[in-house]
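S.K.: What follows is a predicted protein model with its sequence.
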Amino acid sequence: MLHTVNKSPTERNTLDSCLAHVKKGSAILLIEDGVYAALKGTESAKKLEATLKTVPVYALQPDLEARGMSGRVLDGVKLVDYGGFVDLVAEHPTVQSWL
Amino acid sequence: MTESTGGIDMDEETSGVVKKFLYVNRKAPYGTIYALESLEVVLIAAAFDQDVSLAFLDDGIYQIVKGQHTKNIDVKNFSPTYRALEGYDIEKLYVEKESMEARGLTEDDFLVDVKVMTKSEMADLMASQDVVMSF
Amino acid sequence: MGTINVSGKDIEVDEEGYLVNRSDWTEAVGTEMAKIDNCDLTQNHWEVINFLREYYDEYQIAPAVRVLTKAIGKKLGADKGNSKYLYELFPYGPAKQACKYAGLPKPTGCV
């Protein structure tokens, strides 16, 4: 399953809820304000660091660029463009959008 | 169709009482419309020659981060507009220290000059206003 | 919505005559818009129009008339940075009318 998160972790508990339900074999894609979760030096980055041991985490590059955050992403989080977003959706049989 | 004269013809006597206005910005810039709406209200209200301050806390801090490039999400990048505020005589911009640090940011990461203050100083600032508009 | 014809090309404008696509702007477009308002653009008009375009490039907004007046005064001198001078050039309102010829949206705060 591909999980997408589009809310800031300091605005909503969307990321926490997603992380609590992610199982091995899934992937997480951060989009829109969800990309703030991947920023180095934040509480959410610590949580993602733990998650990365079992599940790959992706972030949408255009959303990072828009927010001036391109250079601040936690190591291990993979950046994808819109084409990569489509590939991730195609690779996983189901998508859950955490809103 | 009217064009605001922006108070250019008013003098101190006729312009009425100057009130302290604080605009509180707490939302990230592109995920919702709040940040842009706040900025537009600030620019429009600038015509009324009031004592205006802007506060950035929680995710609102993200509004004034340098290096925003929105071309690939096809949304207008309104961050350069914060730099126009000085020309509108809006020069009191405050950032809450705790919010800034929780996001791994420093004063150098902002595209405008700001005064960084603690949560308790921010509370005092809020309490000292005549009008508080929260976005 | 409507169009204006500039050197054989139809260009989209809104119901108040402002450009729909900012990228359609050329000096000829500005000149044609002014002609529709019975206004012949002089060097003095262009100074203001070009100033507005530069301001928009830098700040992504059209300035309020008060801000425009002050900034023009700073850049072009006090004899031009006053509302009398600017209203003589652009009788429909300097920010509103000059923004139109500059291909910019109406200034924020213009209702």
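M.R.: Structure received.
S.K.: and residue 15, how many residues sit next to it?
M.R.: Picked chain A for this. 27 (other Cβ atoms under 10 Å in any protein chain shown). From N, CA and C alone the C-beta is placed, and that goes for glycine too.
S.K.: Chain C, not that one
M.R.: The tally of other residues near C:Glu15 (other Cβ under 10 Å) stands at 7.
S.K.: quick one: what helix or strand has the spatially most central residue of chain B in it?
M.R.: What sits nearest the mean C-alpha location of chain B, by Cα atoms, centre = their mean, is B:Leu54, with 3.7 Å. Element membership for B:Leu54 (DSSP states H and E) is strand B:51-56.
S.K.: Spell out whether that strand and chain A are in contact.
M.R.: No: applying Cβ under 8 Å from any Cβ of the partner chain, one finds strand B:51-56 separated from chain A by no less than 13.3 Å.
S.K.: got the buried residues for that strand?
M.R.: B:Val52, B:Ser53, B:Leu54, B:Ala55, B:Phe56 (16 or more other Cβ atoms under 10 Å in any protein chain shown).
S.K.: Pretty sure A:His3 sits in a strand.
M.R.: Yes: under DSSP: H, G, I helix; E, B strand; the rest coil, A:His3 falls within a strand.
S.K.: got the contact list for it?
M.R.: Shown in contact with A:His3 (Cβ atoms under 8 Å, 6 or more residues apart in numbering or on different chains): A:Cys18, A:His21, A:Val22, A:Ser26, A:Ala27, A:Ile28, A:Leu29, A:Val95, A:Gln96, A:Trp98.
S.K.: measure it to C:Thr69 for me?
M.R.: For A:His3, the distance to C:Thr69 equals 54 Å [Cβ to Cβ, to the nearest Å].
S.K.: repeat for A:Lys24
M.R.: To C:Thr69, A:Lys24 is 65 Å away according to Cβ to Cβ.
S.K.: more crowded one of those two?
M.R.: Shown here are A:Lys24 and C:Thr69; by other Cβ under 10 Å, C:Thr69 has more neighbours (24 against 6).
S.K.: so the more buried one sits right up against C:Lys84, yeah?
M.R.: No: using Cβ atoms under 8 Å, C:Thr69 is not in contact with C:Lys84; the gap is 10.0 Å.
S.K.: Which residues of chain A lie near chain B?
M.R.: A:6-8, A:10-11, A:32-33, A:36, A:39-43, A:45, A:61-63, A:65-72, A:81.
S.K.: Can you list which of those residues are found in helices?
M.R.: Residues of those located in helices (DSSP state H): A:Glu43, A:Ala45, A:Gln61, A:Pro62, A:Asp63, A:Glu65, A:Ala66.
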